[in-house]
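Visitor: pasting the sequence and the predicted model now:
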Amino acid sequence: MIPAVQNSNGRHLVAALPGHRLSPVFDRLFEDFLAPASQSWTGFPSSLWEDEGAIHFEMDLPGIHEADLEITVHEDHLVVKGERKAPAERRQNDQRVYGQFEQRVKLIAAVDLAQIEASLQQGVLHVKLPKSQAAKPFRVTLQSNGNCQFQVEMDNQNSMYSQT
């Protein structure tokens, strides 16, 4: 039986012949390569919520400049694309993630595209997507006076409908 070299987590990395030992640098290379996926980068943290008039989205983007961001609404998705550029000088033991990213967020209501506001302040992207008139809640008041009339109130606009 040929023994295997194990990392600190007890994983078998490579088969080793008795009396042979891989260099610590080579061991570390295999250990980093086979690291659990839970340690990998999963994206920038974000929040999505809505109130009566708008959908709000925030995303932590430390080190990202406005010029490196593109924010679009495509069909029923908010799309945030960007890039964190790597520094020109090579750094040793750099644990930051560089490169392009894209995050798509499904919008939970129709929005007024002409009224969308976005800002980047202290590394936090803020996007306010006002709901379209059709997506805003409205109240229906039933008035029964013999001929089944009802009134719809929608943002201070009244419409009267009747059915006989």
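Guide: Perfect, I can see it now. Residues are numbered from 1 along each chain as shown.
Visitor: going by C-alpha atoms from here, please, whenever you check contacts or count neighbours.
Guide: Fine.
Visitor: this protein: helices as residue ranges?
Guide: Using DSSP state H, the helices found in the chain span residues 24-33.
Visitor: care to break it down by domain?
Guide: What automatic domain parsing lists as the domains of the chain is 4-39, 46-131, 135-164.
Visitor: and the ones you listed, which one averages the lowest pLDDT?
Guide: When those are compared by mean pLDDT, domain 4-39 comes last with a mean of 54.
Visitor: ranges for the strands of this protein?
Guide: With DSSP state E as the criterion, the chain has strands at 4-6, 12-15, 46-50, 54-60, 69-74, 77-84, 99-106, 117-121, 124-130, 139-143, 149-154, 157-162.
Visitor: distance-wise, check the nearest residue to Trp49 once chain neighbours are set aside relative to Pro130.
Guide: For Trp49, ignoring the flanking residues on the chain, the nearest one in space by CA to CA, 6 or more residues apart in numbering is His56 at 5.3 Å. Note on His56: its distance to Pro130, by CA to CA, to the nearest Å, is 8 Å.
Visitor: could you do Leu142 as well?
Guide: Relative to Pro130, Leu142 is positioned 29 Å away (CA to CA).
Visitor: test my guess that the residue nearest to Trp49 contacts Glu50.
Guide: Yes. In this structure His56 lies within contact range of Glu50 using CA atoms under 8 Å: 5.8 Å.
Visitor: residues in contact with the residue lying closest to Glu83 once chain neighbours are set aside?
Guide: Spatial nearest neighbour of Glu83, chain neighbours left out: Gln100 (4.1 Å); criterion: CA to CA, 6+ apart. Contacts of Gln100 were listed using CA atoms under 8 Å, 6 or more residues apart in numbering, and they are 81-84.
Visitor: please pick the buried ones from the residues you listed.
Guide: Listed as buried from the contacts of Gln100 are 82-84; burial here means 16 or more other CA atoms under 10 Å.
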